[in-house]
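Enquirer: Give me a 3D structure for the following:
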Amino acid sequence: MKKLVNLKLHGGYGSKEDGTTYHLDLCEACFKFAVTALKKHREAVMLDNYLDLPREDFGIDKYHTPN
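Expert: Model prediction:
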């Protein structure tokens, strides 16, 4: 059985998603795919705007991830 990953978002005040809550249960492979897709999208947007590219540790919570 594949491990499940919970992905949650609660749109904050003033955001386009204000008051909307998302809760997704993804398998680990699907979660990795989603993070990779987000990273690629961010790279494309940043290249268009001449900004710094996301680092390899994009999205990793360093405070809750063992070294």
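
Enquirer: What segments of this protein are helices?
Expert: Using DSSP state H, the helices of the chain run over residues 28-48.

Enquirer: So, low pLDDT: which residues of it?
Expert: 1, 46-67 (pLDDT under 70).

Enquirer: let's go with 80 and repeat that
Expert: Low-confidence regions of the chain, defined here as pLDDT under 80, cover residues 1-3, 7, 9, 42-67.

Enquirer: what are the C-alpha coordinates of stretch 35-45, in CSV please?
Expert: In CSV, the C-alpha atoms belonging to stretch 35-45 read as follows (Å, rounded to 0.1, in the frame of the first residue of the first chain):
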residue,chain,number,x,y,z
VAL,A,35,5.5,19.4,-6.4
THR,A,36,7.5,18.8,-9.6
ALA,A,37,4.8,20.4,-11.7
LEU,A,38,4.5,23.4,-9.3
LYS,A,39,8.3,23.8,-9.5
LYS,A,40,8.3,23.8,-13.3
HIS,A,41,5.4,26.2,-13.4
ARG,A,42,7.2,28.5,-11.0
GLU,A,43,10.4,28.3,-13.1
ALA,A,44,8.5,29.3,-16.2
VAL,A,45,6.9,32.3,-14.5
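
Enquirer: Just the buried positions in that stretch, please.
Expert: Across stretch 35-45, burial judged by 16 or more other C-beta atoms under 10 Å covers residue 39. The C-beta positions use only the backbone N, C-alpha and C, and glycine is treated the same way.

Enquirer: Cheers, nothing more for now.
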